[in-house]
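S.K.: Take a look and give me a structure for this.
(one chain, ligands or ions: 1)
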Amino acid sequence: MSEPTTDIGSATPVPAGFRSGFACFVGRPNAGKSTLTNALVGTKIAIASSRPQTTRHAVRGVVHRPDGQLVLIDTPGLHKPRTLLGERLNDLVRATWTEVDVIGVCLPANQRVGPGDTYLVGEIAALKRKPKLVAIATKSDLVSAERMAQHLLAIAAMEAELGIEWTHIVPVSATSGEQLPLLADTLLALLPEGPPLYPDGEITDEPEETLVAELIREAALEGVHDELPHSITVVVEEMGLREGRDPDKPLLDVYASMIVERDSQKGIVIGHRGSRLRDIGAAARSQIEAMLGTPVYLDLRVKVLKEWQRDPKHLRRLGF
Ligand SMILES: Nc1nc2c(ncn2[C@@H]2O[C@H](COP(=O)(O)OP(=O)(O)OP(=O)(O)O)[C@@H](O)[C@H]2O)c(=O)[nH]1
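M.R.: The predicted model follows:
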């Protein structure tokens, strides 16, 4: 029996119900975040930031599954700010937090929930837009069942204390693998439905271009229905760090085209006096910046390629 598929307007059909999105793990130093990431991603380590200079918060790895794709984002640790720079860095961390679909808060079972944890979770509680929260009781192999029970109660008590809601509380051991598949299922189920963000279980030479194109497409489709989703594709023509910049102040230039099939669609995308195009550009730019951690200059155009979906020449040029 063949799987039902949803046509998302790209070349490869996506299984119905496929989910994709972003998560990050937070937790005090040594909570087990890196070990957990590696265990979830497994041997298919995808990308450890292919371009460190463009990436302040890198993609740590991609969990590929038949039913979904989970992209794990790296965030620096949050510290009690003592300087303006400290505050700025914390703002960056917070910005990333609001961009992900799920935050996994790692609370090691061999240590009591303490002030460091409550500070961190309190900061998450203060976000205007909170992603879904999963409490992960890490290092379960190090403790007795009794101690784990205590730990889980302490984690549950954080809800009332800090005004948050855990979607799930999952004990896990990254080293023994215990409950690891359950954690992957849990995280995946919290992602929105959508096509893979990375192609075919592997990372191309141009993961960032692919991702950027997808973010622009997403922004363009925000609030439009019916025919347009099938008729629009995005090509990143050129992307690179602007030369001659102070390395501490990088700027990523992105030249991209949104390709539609008809003049009438071009009108829809551009909007009244360019208002929609500006909104799409602004939304896409902030998404790209959050993803790559670099300020972005986005040059976004709309092109009509008549009936591109039916024209093999166009399709080839667009990479399908
Ligand atoms: N026994 C056991 N040890 C673990 C587990 N997960 C992590 N560790 C160990 O705990 C230590 C810290 O793990 P990391 O994954 O580096 O923790 P982290 O949260 O990424 O640490 P920072 O990078 O300092 O924030 C390492 O020595 C790991 O081997 C686990 O599930 N079981």
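S.K.: Just checking whichever strand or helix holds residue 183 against the ligand, any contact.
M.R.: Per DSSP states H and E, residue 183 falls inside helix 180-189. No - applying C-beta under 6 Å from any ligand atom, one finds that helix 180-189 is not in contact with the ligand, the shortest distance being 9.2 Å. (Glycine included, C-beta is placed from N, CA and C.)
S.K.: The helix or strand just after that helix - contacts with which helices or strands?
M.R.: Sequence order places helix 207-221 as the next helix or strand after helix 180-189, per DSSP H and E. Packed against helix 207-221 by the contact rule (3 or more C-beta pairs under 8 Å, 6 or more residues apart in numbering; DSSP states H and E) you find strand 233-241, strand 252-260, helix 275-292.
S.K.: for the record, mean pLDDT for the helix holding residue 183?
M.R.: Helix 180-189 comes out with an average pLDDT of 95.
S.K.: Stretch 253-261 too?
M.R.: The predicted model assigns stretch 253-261 a mean pLDDT of 92.
S.K.: Mind listing what's buried along stretch 286-298?
M.R.: 286, 287, 288, 289, 290, 291, 292, 293, 294, 296, 298 (16 or more other C-beta atoms under 10 Å).
S.K.: Roughly how far does the fourth one sit from the ligand?
M.R.: Looking back up the chat, that one is residue 289. Taking C-beta to the nearest ligand atom, to the nearest Å as the measure, residue 289 falls 24 Å from the ligand.
S.K.: which residues touch the residue nearest to that residue when sequence neighbours are not counted?
M.R.: Nearest residue to residue 289, sequence neighbours excluded (C-beta to C-beta, 6 or more residues apart in numbering): residue 296, at 5.0 Å. Applying C-beta atoms under 8 Å, 6 or more residues apart in numbering, we find residue 296 in contact with 251, 252, 253, 254, 285, 288, 289.
S.K.: the helices in the chain, which residues?
M.R.: 33-41, 84-99, 115-125, 145-162, 180-189, 207-221, 228-231, 263-270, 275-292, 312-317 (DSSP state H).
S.K.: quick one, the fifth one and helix 33-41 angle?
M.R.: Between helix 180-189 and helix 33-41, the angle formed by their directions is 90 degrees, by axes from the mean of the first three to the mean of the last three C-alpha atoms, to 10 degrees.
S.K.: coming back round to it: let me have the helices and strands packed on helix 207-221 in a markdown table, adding distance to residue 269 as columns.
M.R.: Below are those laid out as a markdown table (distance: least, C-beta to C-beta, whole Å):
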| stretch | distance to residue 269 |
| --- | --- |
| strand 233-241 | 11 |
| strand 252-260 | 6 |
| helix 275-292 | 6 |
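S.K.: Find the one among those with the highest mean neighbour count.
M.R.: Sort the helices and strands packed on helix 207-221 by mean neighbour count, taking mean count of other C-beta atoms under 10 Å, and strand 252-260 sits at the top with a mean of 21.
S.K.: Note down every partner strand of that one and its orientation.
M.R.: strand 233-241 (antiparallel), strand 296-304 (parallel) (DSSP bridges).
S.K.: roughly how far is that strand from the heart of the chain?
M.R.: Its chain's average C-alpha position is 20 Å from that of strand 252-260, according to C-alpha atoms, centre = their mean, to the nearest Å.
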